[in-house]
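**Q** sequence first, then the predicted structure:
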Amino acid sequence: MKKYIIALFAILSLTASCNVKEFLTEDPVMSQSTELTLSDYNGLNKAIAGAYSPLAGSGWYGAFFVLDAEMRAGNAMIPINTNFQSGRMQTPYTMNYNPDATSGLWGTAYYVISACNNVINAIDTNAEGLVTSSHPASDLNNLKAEALALRAFAHFDLLRLYCHLDGSNGDFGVCVITEPQLPTDMPARATVEESYAQIIKDLTDAESLMADSYQRGSVADPKATFNKLAIQALLARVYCYHKDWGKASEYASKVINSGKFKLWTAEEYPSVWGKEIAGDGGEVIFEVYGKQTNSYDAWWEGPSHMTNPLGYADCAASAQLTELFEDGDVRGTTGVRGDASDPRDDGKVMFCTDQDEVSGGQLWTMKYYGKGDGNATSTPDFNNTIVLRLSEMYLIRAEAGVNGAGSTALADLNAIRANRGASALSSAGKADVALERRLELNFEGHLWFDLNRTGGSISYSDANITRNIPAGDKLWALPIPKAQVDINENLVQNPGY
Amino acid sequence: MKKVSLVLTILLMAFSLYAQNIAVRGTVTDASTGEPVAFASVTVKGQMSGTSTGLDGTYALNVPSNAILVVSFVGYKTQEIAVNGRNVVDCVLAPDAEILDDVIVVGYGTTRREAKTGAVSTVKADEIQAVPASSVDKMLAGKMAGVTISSESGQPGSNSQIRIRGTSSINAGNEPLWVVDGIPVMSGDQSYFTNTNNAIAAINPNDIESLTVLKDAAAASIYGSRAANGVILVTTKSGKAGKASFSARAKYGVSMMANDNHFRMMTGPELYDFYKTAYANAGRDINNYYDPNTPNLPMTNWIEEVTRLGRLQEYEVNAQAGNDRGRFYTSFSYQDNQGVSYATSYNRLTGRVNSDYKLTRTLEVGTRVNIAYTENHDTEMQSLYYSNPFFGGLIIRPWTPVFDPETGEYNQKIPENSNTNPLWNALCHGEDQWEKQFRTQAGMYLQWEPIQGLVFKTNNMFEGTFGKGIRYWGPDPGDTEGVLQGSRSQYVQITTSNTATYSRMFGDHSLRVMLGQEAMKRTYESLYGYAPSVDANIPYFSTSIDSESSISDSYNARTLLSFFGNVDYNYANRYFVAASIREDGSSLFGSQNKWGTFWSASASWNITSEEWMQNTSDWLSLLKLRASYGVNGNNNISPYSAYGVYASTAYNGGNGMRPSSPANDLLSWELNKTWNVGLDFAFFNNRLSGQLDVYTRNTTDMLLNKQVPQTSGFSSNFMNIGSMNNKGIEFQLEGDLIRTNDLVWTAGFNIAYNKSTVLDLGDDEWMSSSYDSRLRHAVGKNFYMFYLKDYYGVDPTNGDALFRAADPEHPDDENYWVLTNNYSQARYIYAGSPEPKFTGGFNTSLNWKGLELSVFTEFKTHNYVYIYEWRYLNADGNQMTMNQMASALNYWKQPGDTGCNPKPVAGNASSGMMNSTRWLKRGDYFRIKDVTLAYNFPQSLLKKINMKGAKLYVSALNPYTFHDVYWWDPERGMEGMGWGIYPQTKTIAGGIEITF
C-alpha cells in the first residue's frame, strides 16, 4: 500500500510541475491578440482595413474636423434662429478654445498612427517570415505603403490643426510617432520642419513601395483607401502646404495627367455630393466612407445632420461665403431643401433654405445632403466626405504657378471656372487663387488651414459675431487637450493657452 | 515546484518505524457518563505508533512493557498512563469544559481557539438552522463583527453582497473567497436573464456544520491570492461515530412585504386633490383634464393587486452514522419559495453525500458530493420597467381598474404606465424569465498519516454550474408573435489541493508545519440566442424566422497555481507565533508579472498562562494579546485584461481589425496589507468572553484604468496604480448570563466601525463608479461618495424648489453658497457615503426546560441611500399621470411653510425633482433579523417512543425594522442605490424536526 501512495504523490507532484508556464497561459479565443493579428498577411491586411475606420469618426471626417474648420474660418455660422441651437459647435464659432475645450483629433489621429505603426513594425521586423506563396513580398510592400500613407495623412491633419504652419510661436510641430509605443513613452514635439520631413518621407516611401495597379480589394468604396494616385495627390497638397512649389506642381500634374479623373461640369456639379460611393469618372481621388454601418463611431450622423436645417441644424452657411459667388456660378446657387416629394427641391442647388422656412431664410450647404430614407429630417444612412479631388489639384498647380513654378495658373483656374458657369479670369494672382479655393472648396475644410499656412488673417463682423484673428495669433494652432499635456511631461502646450 | 516535491519525498522516506513488545488492551470511558469513548487516540509517548478506540471504546496495541500510553480525544483532558507490564490498561477520560467545542476551522486545518493568532469569527450550525432564509449568507447578517451582509433584492434566491472590513477595490472585486470543505468555490451571481441568482444558495444551510470567517491577513493569507477581501470557510456535516440517526424536517411559512415605516401611495381622492392643486398652481382647471366624478370612481390599490402573500415550504431528510472505520452523512432537501410578486419563485432540490472511511489504520478517504437543482423565475426588475410590479404597481392611478369594466378582461388602457398592466404581464402575457441550473460540487480526499502527526492529504474537487435561461416577451394584444431570448451557460472549476502537515509536541514546545500545493482551472462558456418573432403558441426557437434570429457565444478561462506553507509554534500555550507564505501564479496577469508572493506573520501572548497570573484566575479566565501583519492579493478581474487585443471593426463595407485594448505585460496583483491587533478576554470561568480587534488595511497597486499619452494609441491602460485604506475597530462580547440545569440565558453583542479612504487614483482626483455615475471615488474621501446637486429645500416665500449654487465670490469654498431656483446652476457636492460607519448586532437566547427563544438583531448606521424612484413619485406636478406617494401631500401651501415639498405645479418645469440631494436619505436601521421559538421534547418522553429528538419551532425573519426612509425597507445594497428593486420581505415560518 505504501508504495502505491508514494507513487500517487509523486505523480501528482510531477504532473503539477510539468509545465507551469503553459498552465498559467490562457490566450483569448473570442477576440484576437495583437500578436496573432500581426502574425500573417491576412491579419495585417485586416489591421490596415480597420485602421481607416476612425477617419469616419465624428471628430474627424465624420463631421467636426471639417465643419469646425469652416466655422472658425467664417464660411459657416451657428444659425440665428434660437430654435435651431443644439449647443454643438459653440467653441469653433465663438473661438473660445482652451485646453479643456478643443478638438479631440489628437487621440483619434494617434490611434490611427499606432495602428499603422503596428503593421509597419511587423513587416519591417519579419519581412521574410511573412512572405508566403500566395502573398509574395510585393503584397507586403503594398500593405506597408498603405500604412505609411495613412500614417502621413494622420500626422498631416494633426500638424494642420495643432501647429502654426509657419513655424511661428515657438516652432512646435507634432509628436512624430513611427514606432509602436509603450504607455510609459513620453514623446516630445518635433519642429514643424521635422514634422513635414517625416510626412513627406512616409508619402514618398509609400509612393515608391506601392505598385501602380494596387487597389485594396473587398471594400465597398475603393476611393476610401489609398492607391498610388491618392498618395500622389496627398503629396501635392503637402508640398503645396510646405511651399515646395516645384514638387507641388509636379505631383498635381501627375494626378491631373493620369487620365483617371475629370472635372465635373456645371450640369453635374450639384448632384455629385452626399453619396455613399463617389464612383469612377469624376473628380474624387480620396474620400472617407460615411455610413451607419461603420462601427467606429456608433453615433455617427455625419456632417449631413449638422448641416441639415431640419436635422441637428448646427452649421449654416454664412453670408460672407454665400455673397461671394457671381450670378451663374453653380457653386452659389440657392433653393429649397425638402423631402423627396417636395417639388421645390430639385436637387440642383448648392445652398438651400428649409421647406418650412423655419430658419428664416438662412442658407445651408448642400455638399452633405446625406441620404436617409427619403425624409429630410431623418438621420442620414450615408454621406461620403470628399478629401482629395481633381479641382484641388488644379488649384494647387495654379498656386504653384503664381508662386513661380509653372505657367498654367490662369488656365488652371479658368478650367475650373468654365466648368462652374463662372466667367473666365483674365489674369491670375495669389488673391485669385485664394478666392477660387474658397469658392470651389468651401465646406470641405480648407479655408482655415489655407489661412494658417499662408499667414492669413480673419477680420469681419456681422449681426452675431465679431471675429478678428490676426496673422500669428495663438488661435491658428488649437490647444492640445489638457489631459495630454498633464500626463506627458515632455509635451509642450501651444503658446498662449 | 521541484523543491516541494523533493521535500515531500524526503518526508515520505524518513519514517518507517515499528515497535514490538507486549500486547495491551483496554477500554476508554467517559468519566461523567461511564459510556465508552469511541475514536479516542491511544499512542505511546515518544513514539509514532498508536491506535484509536472502536465503537465500544476498546483498543488493542503492542507496546514496550515500560511504555507510557497517551490517551486523548477532542473534548477530553489528555491522560498519560504507565503500562508497567500490564496487559489490560483501562482509561477514564475527564471532559475538558474549557476546550470543548473550541476547535475552529482555519485555512487548511483546524486550530484550538486559544491557539489562534489572527482575527477569526465563527458561526455554528445551531445558529442558522431554523431561520427561514434560502441561503446561508442571508443568515450571517449581524452575527459577526465586521462582516456586513447587504442585498439589493429581497427576491427568493437572491445574491448577497458581503463585505468583510469594508470595501477595498474599484475593479478587482470586493467579495470574500468562499471555501467549502477545503476547496475554494465559485460564488456570486450566476444568472443570465434573471435579476439575481446566488451560487452559494446551492448549499443547503442545514448541511453546514460550521462557518468561519477569516478577517485579517494572518488568518486569511494562506489563501493568499484571493484572500484580500477575507475568506469564508464552510465545513459541511460529516457523520459522527456511534450515533446512527435519521432526521426529517418540515418547514412552512408565509412571507409579505416589509413596510414598517408605513409607506404608501395616495388614495384616489388624495391624488385627485393633489392634481387639482397642481393644475390650479399652473393656472389651469382640473375639469379640463378629469371628470369631476373621478374621486367617486371605484378605486384600486395597485400595489396590493400586484403583490401577494409569499409562501415558503421546505422538506428535508438526512441520515448519519459511523463506526470505527467509516462515517457518512447524507441529506436530501426540497425548498419551494414563492415570492411576494407574481411569477417570482425559487425552487431548489439538493442532495448531499459526505463520507469518510478509514481504509487502513493510516489511510483515510472521503467524499463530499453536493448536487443542487434550482429553478428561478422572476420578472424584469432592478429598473423602472413598466412591467415591474415595484414600479408599475406604484405609478398606476387608483381609479384605473385592473379589469376593463365592460369586457371583464385585463385592462390594457393604462396610459400612465405605457398601457402596460403588470398583472397581465405577469400572469397572462406569457412573459417569462427564468434560470434553471444544475450545480455540482463533487470532491474526494485521500489522507495518509504514516506516523502520528504527519498527514499527507490530497483534496480534489470538480464544481460545475450548468444553466439554461429564457427571457420571453409575449405578443402585445392583437399581435401573434413574441420575442424570445435564450441562454446556455456553463461554469466549470477543477481544483486540486495537496498538503503535507506535521505537528508535534516536544515538552513545552508545540510545532505544526504545513506545505501545500494547489492548482485551479475555471472556464465559462455561454451560448445566447435571439429571435425577435416566434409563434406565441409555440414560443421556441423552432418557430423563429431564420433571417431575423441571431446567435452568439462566449468563452473565457482562468488558471491559478499556488505553493504555500505555514508554520505554527507555541511554547507552553503561552507564546504563539505563526507565519505563512504563499506563491500564486495567475493566468489573468501580464506575462512578466504572473506570480505574487503573499505572506503573513503573527504572534499572540496568552497572558493568563503566565505563572504570575495564577492569582487572578478566579475571575480572569483568559487574556490574550494578538498582533499580525500580512499581505494578501486580489485578482478578481476579467480574463485577458493583460492581453493586447484587436477587435473586429466594420468599415467601408467589410470587416477590418483595429486595436481594442493595449497589452499590459506588467499587470499584476492588487495587494492588501493588513495590520491587526487584537485582545481576547474571558472572565468568571469563561462566563463572559469577548474580543477586541483594531485593524488598518491598505490596498495598494490597485487595478485601475490609468490615463496614458494618446500618442501610444490608447487613452488609458489597465494598470496597478492607486491606493486606499480601510481602518476600523471590532468588538464582540458574549455572556452566559444564567446557567442552571433548567434555565440557560446567553446574550451576545457585536459592533464594528469601519472607515474607508481613497488615497490615490493615479493622475485622477476622482473617478465615476462603474456602478452609477452618481457615485464617485474621490481622493481623500470615502470609497463611495454620492455626487449630487445640492438641494436646499422649499422657498418659504413662493413654494419653489431651491438649490445651493457656488458663491461667485468664493467659487471653490463649499462653505459659501447662494440660493437659486435654477437647477442647472445648482452646485454639485459630495453628499454622503452609502457605507455604514457602524454595523453590528445583538443576540440573545433563553433556554428553559427545552423551550428555547432566540433573537438576532442587526444594525447599520450613518449610511446614505438614494431613492431614485422618488423623482417620479414625488414629482411636484412634473408627473401628472402617475400616482404620487402619500408623503407628497406635505407640500408648500402658504408663505412661511418650510420643511415640506415644493408646491405642485402641473407640468412643473422647475426641475426640483431632478437628481439631487433631495432624494438622499440616511439609511440607518435597526432590524430584528430573526426570532425563533423552539421546543425540544424531553428525552424522557422521547425514549418511550424510540425517538432521539423532536423539535417544534416557529421563526420569523425580518419581523420588524426601525428606520426612517419613506419606503418599504431601507436596504439598497452596498451602493445604496438600485431602483425598481424587489424589497426585503418578512417571513414567518413554523417547522418540525424529528430524529430517530
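**A** Arrived safely.
**Q** separation between B:M613 and B:A956?
**A** To B:A956, B:M613 is 45 Å away according to C-beta to C-beta, to the nearest Å. To be clear about C-beta, it is placed using only N, CA and C from the backbone, and glycine gets the same treatment.
**Q** between the two, which is the more surrounded one?
**A** B:A956 (21 against 14; other C-beta atoms under 10 Å in any protein chain shown).
**Q** so that one is in contact with B:K986, correct?
**A** Yes. With contact defined as C-beta atoms under 8 Å, B:A956 counts as touching B:K986 (7.0 Å).
**Q** now the residue lying closest to B:A23 once chain neighbours are set aside, what's its secondary structure?
**A** Closest residue to B:A23 apart from its sequence neighbours, by C-beta to C-beta, 6 or more residues apart in numbering or on different chains: B:N62 at 5.5 Å. The three-state label given to B:N62 by DSSP: H, G, I helix; E, B strand; the rest coil is strand.
**Q** burial measure for B:N62, as a count.
**A** 15.
**Q** tell me the strands beside the helix or strand hosting B:E734, with direction?
**A** Take DSSP states H and E as the rule and B:E734 turns out to sit in strand B:723-739. With DSSP bridges as the test, strand B:723-739 is paired with strand B:688-700 (antiparallel), strand B:743-760 (antiparallel).
**Q** check for me that B:G585 belongs to a helix.
**A** No. Counting by three-state DSSP, B:G585 is located in no helix; its state is strand.
**Q** pLDDT score for it?
**A** The model reports B:G585 with a pLDDT of 91.
**Q** do you know how far it is from chain A?
**A** 5 Å (C-beta to the nearest C-beta, to the nearest Å).
**Q** so that residue makes contact with B:S562?
**A** Yes. Look at B:G585 against B:S562 with C-beta under 8 Å: they come within range, at 7.4 Å.
**Q** neighbour-wise, which of the two wins?
**A** With neighbours defined as other C-beta under 10 Å, B:G585 and B:S562 compare such that B:S562 has more, 24 against 21.
**Q** I'd say that one and B:L515 touch.
**A** No. Between B:S562 and B:L515 there is no contact under C-beta under 8 Å: 11.7 Å.
**Q** how about the helices in chain B?
**A** Using DSSP state H, the helices of chain B run over B:2-14, B:217-220, B:268-281, B:302-306, B:389-395, B:422-427, B:870-873, B:939-944.
**Q** actually, the stretch 151-300 of chain A.
**A** Using DSSP state H, counting those that start in this stretch, the helices found in the stretch 151-300 of chain A span residues A:192-209, A:228-241, A:245-256.
**Q** save the ones you listed as JSON lines, and put in mean pLDDT, distance to B:I928 and mean neighbour count too.
**A** Shown next, in JSON lines, are these (pLDDT from 0 to 100; distance: least, C-beta to C-beta, whole Å; neighbours: other C-beta atoms under 10 Å in any protein chain shown):
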{"stretch": "helix A:192-209", "mean pLDDT": "97", "distance to B:I928": "73", "mean neighbour count": "20"}
{"stretch": "helix A:228-241", "mean pLDDT": "98", "distance to B:I928": "76", "mean neighbour count": "25"}
{"stretch": "helix A:245-256", "mean pLDDT": "97", "distance to B:I928": "85", "mean neighbour count": "22"}
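**Q** okay if I get these as a markdown table plus distance to A:N42?
**A** Shown next, in a markdown table, are the helices of the stretch 151-300 of chain A (distance: least, C-beta to C-beta, whole Å):
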| stretch | distance to A:N42 |
| --- | --- |
| helix A:192-209 | 20 |
| helix A:228-241 | 23 |
| helix A:245-256 | 31 |
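**Q** re the thing from before, among the helices of chain B, which comes closest to B:P205?
**A** Proximity to B:P205 (C-beta to C-beta) singles out helix B:217-220 among these, at 23.1 Å.
**Q** wait, what's in contact with B:N821?
**A** B:D795, B:D800, B:A801, B:L802, B:F803, B:S910 (C-beta atoms under 8 Å, 6 or more residues apart in numbering or on different chains).
**Q** now do the same contact list for whichever residue of the stretch 151-300 of chain A sits closest to chain B.
**A** As assessed by C-beta to the nearest C-beta, chain B sits closest to A:A220 within the stretch 151-300 of chain A, at 2.7 Å. Neighbouring residues of A:A220 by C-beta under 8 Å, 6+ apart: A:E276, A:I277, A:Y289, A:K291, B:N652, B:G653, B:G654.
**Q** give me the pLDDT for the residue nearest to B:A23.
**A** So, for B:N62, pLDDT stands at 83.
**Q** how many neighbouring residues does B:F506 have?
**A** Neighbours around B:F506, by other C-beta under 10 Å: 8.
**Q** quick check: it vs B:E809, distance?
**A** 77 Å.
**Q** just A:Y196 next, same as before
**A** A:Y196 is 50 Å from B:E809, by C-beta to C-beta.
**Q** give me the number of residues near the residue of the stretch 451-600 of chain B at minimum distance from chain A?
**A** Proximity of the stretch 451-600 of chain B to chain A (C-beta to the nearest C-beta) peaks at B:S587, 4.1 Å away. If you count neighbours by other C-beta under 10 Å, B:S587 ends up with 21.
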